[in-house]
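Visitor: Sequence and predicted model, in that order:
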Amino acid sequence: MFKMKRIAIFASGSGTNAENIARIFNNGSRINVSLVLTNRRNAGVIARMEPLGVETIYVPNSVWDNEPEKIVEILHNHNIDIVVLAGFMHYVATQIIAAYEGRILNIHPSLLPAYGGKGMYGHYVHEAVVAARETESGVTVHIVTDEMDKGEIIMQEKVTVTPEDTPRTLEEKIHPVEYSLYPRAIVKLVERLDSATLPPRIPSDVNQETAVAPEPTEKTEEGTDKRLQDEWAEALSVPSPAETLTPPIPEDAATPQNPCQTQAPHIPAQPLEQPVTPGATNAQCQPTEPMPPSYFVWAVVLTLACCLIPGIIAIIYSSQVSTKYYVGDIEGAKRSSRMTEIWLIITIVAGIVFSALYLPLSLLVK
Ligand code: GAR
């Protein structure tokens, strides 16, 4: 079993990403947001962390600039394993990056390397993207290095930009993607760190030179190996990466399965790395057998019978209205008119009811 990873979040602003990350992970036992450091005394993130019980420390910019070793000390004192920048609008000193090399993540609201670098943060990014009439933007999670916005990309997801988009509407599209992508990227980094601590697995038929570092796996109830990343994402209700949505290839690949009979893939509530094509699932799930003709016949017979008979009665009553009126039976004409109305209503209701009962009736007939 792997040691729980303790996360420190650096944030300067509203802190919606920080809150989302803490809410997702702090209910589980694998990852914990243990500390938030902010360089703004009144940053919104402080109030967001309070009800979650996450310790927040305000560190003035002078310390970030001139005494970064103090920040490293705070991180070490809190046994922090990973640092996550979530809207942190300040330079991260080399000493901090060196102390947590490969273990600092940043989220950026564009498809890096596009719209990254100096001056590109928050709404400035969206303004630049809209001004350039881009048709797509997105979210990137990357490792923080000394070069701003240039570290290894861990995960990226696209967002469509329409001609009607403003910087604000684009931001509104980007934020939910961030909430989905960042926790998954954190899990991916944790998985990578854990796998680095494992001894390499040497398959029996491969010699030591060609052995590759293993992916940490656990046995599922069915006895099959399962990637930790997927399992954690599942346990923590983090939407799974798009690649994990691909249904597993059946062992007996020669016997194709009916996709309608397999369990539907878990589709995250939040947008995915790859957009889900509307209707794609339905298109795969066409019934393999034609419906027996008896269903159709019964449906038609019942609907006709139940609409036709009251319909005919309504017509008879309606024909009596004028007859009675011309012979001077005004009361009788009124009565027939009322009966016509009633039977017309019955006709309509019966039509609707029996059309709706088509499926249950057809099942009964079966
Ligand atoms: C997020 O959109 C994040 O991508 C961006 O700041 C916002 C913070 O929002 N970060 C950058 O621009 C970094 N260059 P939040 O405070 O609500 O999480």
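Guide: Thanks, I have the structure now.

Visitor: What segments of this protein are strands?
Guide: Under the criterion DSSP state E, the chain contains strands at 5-11, 31-38, 55-58, 82-85, 104-108, 136-143, 153-160, 217-219, 225-227.

Visitor: any idea how far the closest residue in space to residue 31 that isn't next to it in sequence is from residue 19?
Guide: Leaving aside its chain neighbours, residue 31 sits nearest to residue 25 (4.2 Å; criterion: Cβ to Cβ, 6 or more residues apart in numbering). The way it works is simple: take the backbone N, C-alpha and C, and place the C-beta from them, glycine included. As judged by Cβ to Cβ, to the nearest Å, residue 25 and residue 19 stand 11 Å apart.

Visitor: For whatever residue of the chain ends up closest to the ligand, give me its contacts.
Guide: Nearest to the ligand in the chain, going by Cβ to the nearest ligand atom, is residue 87, at a distance of 2.6 Å. For residue 87, the contacting residues are 11-15, 17-18, 45, 107, 122, by Cβ atoms under 8 Å, 6 or more residues apart in numbering.

Visitor: Now render those residues as a markdown table, adding neighbour count, pLDDT and distance to the ligand.
Guide: Shown next, in a markdown table, are those (neighbours: other Cβ atoms under 10 Å; pLDDT from 0 to 100; distance: Cβ to the nearest ligand atom, whole Å):
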| residue | neighbour count | pLDDT | distance to the ligand |
| --- | --- | --- | --- |
| 11 | 29 | 98 | 6 |
| 12 | 21 | 98 | 7 |
| 13 | 18 | 96 | 4 |
| 14 | 17 | 96 | 4 |
| 15 | 24 | 97 | 5 |
| 17 | 23 | 98 | 3 |
| 18 | 31 | 98 | 6 |
| 45 | 28 | 98 | 7 |
| 107 | 23 | 98 | 5 |
| 122 | 16 | 94 | 5 |
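
Visitor: Now, the residues you listed that are in helices?
Guide: Counting by DSSP state H, the part of those found in helices is 17-18, 45, 122.

Visitor: distance between the ends of stretch 138-156?
Guide: Using Cα to Cα, to the nearest Å, the end-to-end distance of stretch 138-156 comes out at 7 Å.

Visitor: again, but for stretch 42-57
Guide: 11 Å.

Visitor: contact partners of it?
Guide: In contact with stretch 42-57 (Cβ under 8 Å, 6+ apart) are residues 9, 11-16, 18-19, 22-23, 26, 33-38, 58, 74, 78, 86-87.

Visitor: again, only this time at 6 Å
Guide: Residues from elsewhere that reach stretch 42-57, judged by Cβ atoms under 6 Å, 6 or more residues apart in numbering: 11-12, 14-15, 18-19, 22, 33, 35-38.
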